[in-house]
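**Q** I would like to see how this sequence folds:
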Amino acid sequence: MSELRRAVCPGSYDPPTVGHIDVIARTAALFDEVYVAIMVNPRKQGLFDVDERVAMLTEITADLPAVRVEAFSGLVVDYCRERGAEALVKGLRGATDYDYELPMAHMNRHLTGVETLFLPGAPGQVYVSSSLVKEVARGGGDVTPFVPAAVHERLIERIGD
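**A** Sure thing, here's the model as predicted:
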């Protein structure tokens, strides 16, 4: 019997976007188990607390049986080691993301041997980010195409109409 291949998709997911879901679903097609690891940073105040983000991601990934959603704190490589994950998977929207992520990928590999895989953002979604979604929603713009319906409801409720 072969061992399960596990990957981790780390992020803040505040809020989860269609780009996040795309990367998670594509990762689930490549690995036996995928952990969506929501980073807990007590120094950073999010729009949604960690439990709300776990609930949203659990709901919107319910059709992906290989996906587990959890919060974590500390180093992502320690989280990977605890879960037996061999890879971190990150979505890239462009060169700026790559420049930011590459040094971390090298450090993570140096620390534990965990590989980082980069998936290019889906066409039509590469400009979507959680920060931009929040900014547009706060300004009264329609963010319906950029977040799953369950997230949109919570987002509008949180920031007001």
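
**Q** what's the next secondary structure element after the helix of greatest length in the chain?
**A** Taking DSSP state H as the assignment, the helix of the chain that covers the most residues is helix 95-112. Using DSSP states H and E, the helix or strand that directly follows helix 95-112 along the chain is strand 115-120.

**Q** Which other helices and strands does that following strand contact?
**A** Secondary-structure packing of strand 115-120 (3 or more CB pairs under 8 Å, 6 or more residues apart in numbering; DSSP states H and E): helix 18-30, strand 87-92, helix 95-112. Heads up, the C-betas are built off the backbone N, CA and C, glycines and all.

**Q** mind listing what's buried in the next helix or strand after it?
**A** Where DSSP H and E defines the elements, the next helix or strand beyond strand 115-120 is helix 130-138. By 16 or more other CB atoms under 10 Å, the buried positions in helix 130-138 come out as 130, 133-134, 137.

**Q** Using a markdown table, please lay out those residues together with pLDDT and distance to residue 53.
**A** Output for the buried residues of helix 130-138, formatted as a markdown table (pLDDT from 0 to 100; distance: CB to CB, whole Å):
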| residue | pLDDT | distance to residue 53 |
| --- | --- | --- |
| 130 | 92 | 10 |
| 133 | 95 | 14 |
| 134 | 94 | 13 |
| 137 | 94 | 16 |
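
**Q** from the residues you listed, which two are the most distant?
**A** Pairwise distances across the buried residues of helix 130-138 peak at 10.5 Å for 130 and 137 (criterion: CB to CB).

**Q** for the closest residue to residue 26 other than its chain neighbours, what are its contacts?
**A** Using CB to CB, 6 or more residues apart in numbering and skipping the chain neighbours, the partner closest in space to residue 26 is residue 119 (5.8 Å). Shown in contact with residue 119 (CB atoms under 8 Å, 6 or more residues apart in numbering): 23, 26-27, 89-92.
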